[in-house]
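S.K.: Output the structure for:
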Amino acid sequence: MQHFKGSLIITALGLTLALYIGGVSALYIVALLAILEISLSFDNAVVNAKVLENMEEKWQERFITYGMLIAVFGMRFAFPIVIVAIASGSSIGETFTLALNDSESYHTQLLNVEQLIFAFGGSFLLMVFLNFILDTEREEKWIKSIENSKIITRMSQSSSMQMIIALLVGLMLFIATTFNETLGYQVTVAYFTGVLL
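M.R.: Take a look at the predicted model:
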């Protein structure tokens, strides 16, 4: 428990601040978000530990130091602001100010570009999934009937299969959204940006 003392103190302060600022409903939301964050971060911690065990000590320290800053500040705070700013065509400063001071307008702006965010995030997750499912050298198989199938084995022999599947999905997305000229073009660009990333 000694290792978690600082984390528990910060959690208690955050929950107290939520209660003070927004009342019981804010406390409830913050507590739910904290539980969600802990549960989603647990698997990341396991993966990170696996990666870290093969690194030199110098790189382990850098991974922990910079990785924490990037994960906490970058991905949870800055990245959503940047994504909404890019997708909506606003400046990062305007979007940040809107998120802090006018949550209704920020919400409206977010809803206006949600298809672009879905396409970007979905393509990124598709690439992660394809990388996972086409890795036949993995020891652990989740769904053996699919992962050991002849189709997956044959597909995994091509190093460019991930990209071929992603391009086919992107082409189908482009065709499906062609009827809406502006949205079709923007959604397709967002999709392929996620694939590239």
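S.K.: how many other residues sit next to the closest residue to residue 148 other than its chain neighbours?
M.R.: Excluding its sequence neighbours, the residue lying closest to residue 148 (Cβ to Cβ, 6 or more residues apart in numbering) is residue 141, at 6.4 Å. In this view, the C-beta of every residue, glycine as well, is placed from N, C-alpha and C. Taking other Cβ atoms under 10 Å as the neighbour definition, residue 141 ends up with a count of 11.
S.K.: Tell me the secondary structure of residue 137, please.
M.R.: Of the three states, residue 137 takes coil under DSSP: H, G, I helix; E, B strand; the rest coil.
S.K.: what does residue 55 give?
M.R.: Three-state call for residue 55 (three-state DSSP): coil.
S.K.: show me the contacts for it.
M.R.: residue 63 (Cβ atoms under 8 Å, 6 or more residues apart in numbering).
S.K.: hang on, the earlier thing: surely the residue nearest to residue 148 is in contact with residue 152?
M.R.: No: counting by Cβ atoms under 8 Å, residue 141 stays clear of residue 152, with 10.2 Å between them.
S.K.: Tell me which stretches of the chain form helices.
M.R.: With DSSP state H as the criterion, the chain has helices at 5-52, 57-69, 79-88, 92-101, 103-112, 114-133, 144-147, 150-156, 161-176, 181-196.
S.K.: Reformat those helices as JSON lines; add mean neighbour count and mean pLDDT.
M.R.: Shown next, in JSON lines, are those (neighbours: other Cβ atoms under 10 Å; pLDDT from 0 to 100):
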{"stretch": "helix 5-52", "mean neighbour count": "12", "mean pLDDT": "85"}
{"stretch": "helix 57-69", "mean neighbour count": "11", "mean pLDDT": "83"}
{"stretch": "helix 79-88", "mean neighbour count": "18", "mean pLDDT": "81"}
{"stretch": "helix 92-101", "mean neighbour count": "15", "mean pLDDT": "87"}
{"stretch": "helix 103-112", "mean neighbour count": "14", "mean pLDDT": "85"}
{"stretch": "helix 114-133", "mean neighbour count": "16", "mean pLDDT": "84"}
{"stretch": "helix 144-147", "mean neighbour count": "11", "mean pLDDT": "77"}
{"stretch": "helix 150-156", "mean neighbour count": "12", "mean pLDDT": "83"}
{"stretch": "helix 161-176", "mean neighbour count": "15", "mean pLDDT": "86"}
{"stretch": "helix 181-196", "mean neighbour count": "16", "mean pLDDT": "79"}
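S.K.: Quickly list the domain ranges of this protein.
M.R.: According to automatic domain parsing, the chain comprises the domains 1-54, 56-107, 113-197.
S.K.: Could you tell me the end-to-end distance of the shortest one?
M.R.: Across domain 56-107, the straight-line distance between its terminal residues is 44 Å, by Cα to Cα, to the nearest Å.
S.K.: Relative to the whole chain's centre, how far out is it?
M.R.: Put simply, domain 56-107 sits 12 Å off its chain's centre (Cα atoms, centre = their mean, to the nearest Å).
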